[in-house]
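# Structure of the sequence below:
(one chain, ligands or ions: 1)
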Amino acid sequence: MSSRGNFSSRIGFILAAAGSAVGLGNIWKFPFEVADGGGAAFVLIYLIFAFILCFPVMVTEVAIGRKTEKNPIGAFNDLGFKKWNIIGKLGILCGVLILSFYNVVAGWAFGYFIEMIAGNFGVGKVFGSFTSDIIKVGGYAIVFMFATAFIVSRGVSGGIEKLAKILMPTLIIMILSLVVYSFTLPNALEGVKYYLVPDLSKLTNVNTIGGALRQAFFSLSLGMGALITYGSYLSKSENIISSSALITLFDVGIAFIAGLMMFPLVAYNLGGEMNDVQGGAGLIFVTLPGVFETLGSTLGVVVGGFFFLLLSFAALTSTVSLLEVPVSYVVDEYKVRRSRAVVIMSLVIFIIGIPSLIGNGYSDFFSNAFALPGGSSDFMTLVGYITDVLLMFGGFLIVSFAAYVWKKENLAIEISQGYPGFKESFVKKFLDFSISYLCPVVLGVLFIIVVLNNFFGINLLG
Ligand code: TRP
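Numbers count the residues shown, from 1 in each chain. Alright, predicted model coming up:
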């Protein structure tokens, strides 16, 4: 085990896993999904899904990883179910695809940090020309991939864990200061109302329900074996249940707080007219620079720079987790040195990401050739749609595997290490029920609904 590396402490594991979870998904995507999904109704469903569906998937992933001390493909082989390693294969593919475009957006975030500290607030109005400036965004994407590769090459405790221990507390302080600040702006309350008072008529909308589950899966880094991998570095003496609960709370908490920061800023920008909220990628990259501009040149630079630095930090602890998955696979199964595995995988992933990089304006083809029912036609959106459904499908397979193939008793034995009272606990009853019935049914059904909606424009929920 020591040759693979491991987390040096419980808090190190929790912060690293929370670092994986907290990312662009929370700060960039969550607020605009809320706006697209109809405000507070989306938030409500999101919270329910996170605790009753996602938390059990997380526990299962961590337990499989810790039991086998392997990457997501090796883990299924190790348990004696070679056929089921298809879950790991799909997972690693999915992780590679996610990182290929995630790194591009992370590069934008970092690029905006540079623009903000240079006082170039106008960049929001020309977001399209920013993303088509291939020299700039290409450069930022390279920088970001390089930083990710550097951390991962330093290993689990010396790289990933250390980074999380520094960046996660920093991130909390930064985001809380931004919340406090945004509450001081005019119309802040209008924003908060939009965010927190649900419009119940939106509860049956497919964008609300399917979107909330997709978002919860993505945000918690579930369904592709990232947490199998992190679990494989976790000590047998740690309590998987309480650790997973903390990670879920942490992630949901940060997403929630990110909304509290964002909607007052948006309300301020719209003069309180929340009906005019525009969702989509632009919520952060288009709207916010305008907000920072109105703060004047000094304060704008500070607050704006702060915000995009925060976003870059959050992204970095996520990109390292995405890169770690294929790296652990290559290290375990092909006995390749970690540093070499990192170089190979980051290069491959960067190359796979080129269509996403140039598909935001620079290349006409990759920007427009992939017409999707939602109205987008760029390559990156397509890959995002594919990976979203792969994650839900992966989650469905993982819980079904644990409940019916590996069996709940074996799962319980693994969880009991580090939590001796588990077998008699209420958590066990809830977990068993969730992974045997609730998760397979809801994930299976919503998987079909989201596939029909995303790829065929068919809306079953009306
Ligand atoms: N959860 C991260 C976010 O919210 C993204 C991420 C990192 C991820 N690792 C993952 C998503 C693994 C799915 C699977 O930004």
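
# For the helix or strand where Ser129 lies, list every residue counted as buried.
When elements are assigned from DSSP states H and E, Ser129 belongs to helix 127-132. Buried positions in helix 127-132, judged by neighbour count with 16 or more other Cβ atoms under 10 Å: 127, 130-132. Just so you know, the C-beta spots here come from the backbone N, C-alpha and C atoms, and that holds for glycine as well.

# Same list (those) but as TSV, adding pLDDT and distance to the ligand.
Converted to TSV, the buried residues of helix 127-132 look like this (pLDDT from 0 to 100; distance: Cβ to the nearest ligand atom, whole Å):
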residue	pLDDT	distance to the ligand
Phe127	93	20
Phe130	95	21
Thr131	94	19
Ser132	95	24
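
# now the helix holding Ser129: how far from the chain's centre is it?
The chain centroid and the centroid of helix 127-132 are separated by 24 Å under Cα atoms, centre = their mean, to the nearest Å.

# Count the neighbours of the residue nearest to Ser400 when sequence neighbours are not counted for me.
Distance criterion Cβ to Cβ, 6 or more residues apart in numbering; nearest residue to Ser400, sequence neighbours excluded, is Pro440 at 5.1 Å. For Pro440, the neighbour count with other Cβ atoms under 10 Å is 18.

# what's the spacing between Pro440 and the ligand?
20 Å (Cβ to the nearest ligand atom, to the nearest Å).

# now the stretch 301-450 of the chain, which segments are flagged as low pLDDT?
Counting by pLDDT under 70, the stretch 301-450 of the chain contains no low-confidence range.

# Identify the residues contacting Gly128.
Under the criterion of Cβ atoms under 8 Å, 6 or more residues apart in numbering, the contact partners of Gly128 comprise 360-361.

# What separation do you get for it and Val137?
Noted for Gly128: a distance of 12 Å to Val137, by Cβ to Cβ, to the nearest Å.

# what's the overlap in contacts for those two?
Applying Cβ under 8 Å, 6+ apart, one finds that Gly128 and Val137 are jointly contacted by Asn360.

# what's the farthest-apart pair in the buried residues of helix 127-132?
Within the buried residues of helix 127-132, two members stand farthest from each other by Cβ to Cβ: Phe127 and Ser132, at 9.7 Å.

# that older thread, in what helix or strand does the residue nearest to Ser400 lie?
Secondary structure from DSSP H and E places Pro440 in helix 439-456.

# Could you list the residues of the chain in contact with the ligand?
Contact residues (Cβ under 6 Å from any ligand atom) of the chain with the ligand: 20-21, 23-26, 95, 98, 218-219, 221, 224, 226, 318, 321-322, 391.

# Is there a quick PyMOL command that grabs whichever of the residues you listed are buried?
Paste this into PyMOL to select the buried members of these, with burial taken from 16+ other Cβ under 10 Å:
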select buried, resi 20+21+23+24+25+26+95+98+218+219+221+224+226+318+321+322+391
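
# from the residues of the chain next to the ligand, which ones fall inside helices?
Secondary structure assignment by DSSP state H places 20-21, 24, 95, 98, 218-219, 226, 318, 321-322, 391 of the residues of the chain next to the ligand in helices.

# In contact with Phe456: list those residues for me.
Pro373.

# For it, give its distance to the ligand.
To the ligand, Phe456 is 24 Å away according to Cβ to the nearest ligand atom.

# close enough to count as contact, Ile134 and Asn360?
No - between Ile134 and Asn360 there is no contact, the gap being 9.7 Å when judged by Cβ atoms under 8 Å.

# neighbour-wise, which of those two wins?
Each of Ile134 and Asn360 had its neighbours counted (other Cβ under 10 Å), and the higher figure belongs to Asn360 (25 against 15).

# Show the contacting residues for the nearest residue to the more buried one once chain neighbours are set aside.
Excluding the flanking residues, the one nearest Asn360 by Cβ to Cβ, 6+ apart is Thr131, at 3.9 Å. The neighbours of Thr131, taking Cβ under 8 Å, 6+ apart as the test, are 108, 137, 360-362.

# Thr131 and Ile458, how far apart?
Using Cβ to Cβ, we find Thr131 at a distance of 31 Å from Ile458.

# quick one on the thing from earlier: who wins for neighbours among the contacts of Thr131?
Trp108 (28 neighbours).

# quick one: the residue nearest to Ser400 from Ala402, how far?
When Cβ to Cβ is the yardstick, Pro440 and Ala402 sit 10 Å from each other.

# And for Ser363?
As it turns out, when the distance is counted by Cβ to Cβ, Ser363 lies 42 Å from Ala402.

# who has more neighbours, the two?
Under the criterion of other Cβ under 10 Å, the comparison of Ser363 against Ala402 puts Ala402 first, with 26 against 18.

# what ranges do the strands span in the protein?
Taking DSSP state E as the test, none of the chain falls into strands.

# Skipping its backbone neighbours, what lies nearest the residue positioned nearest the centre of it in space?
Note on the chain: the residue nearest the mean C-alpha position is Ser219, at 3.5 Å, using Cα atoms, centre = their mean. Distances taken as Cβ to Cβ, 6+ apart place Gly25 nearest to Ser219, at 4.1 Å, with adjacent residues excluded.

# so Ile398 makes contact with Gly88?
No - taking Cβ under 8 Å as the definition, Ile398 is not a contact partner of Gly88, at 9.8 Å.

# Next step: the contacts of Thr131 restricted to helices.
Among the contacts of Thr131, the members falling in helices (DSSP H) are 108, 137.

# quick check, nearest of the contacts of Thr131 to the ligand?
The nearest member of those to the ligand, counting by Cβ to the nearest ligand atom, is Trp108 at 13.7 Å.

# For that closest one, give me the pLDDT.
Predicted confidence (pLDDT) at Trp108: the value is 96.

# That one contacts Gly139, doesn't it?
No - with the criterion set as Cβ under 8 Å, Trp108 and Gly139 do not qualify as a contacting pair; they are 11.6 Å apart.

# OK, contacts around the residue of the stretch 301-450 of the chain found nearest the ligand?
Minimum separation of the stretch 301-450 of the chain from the ligand (Cβ to the nearest ligand atom) falls at Ser318, amounting to 3.8 Å. Counting by Cβ under 8 Å, 6+ apart, Ser318 touches 19-25, 102, 221.
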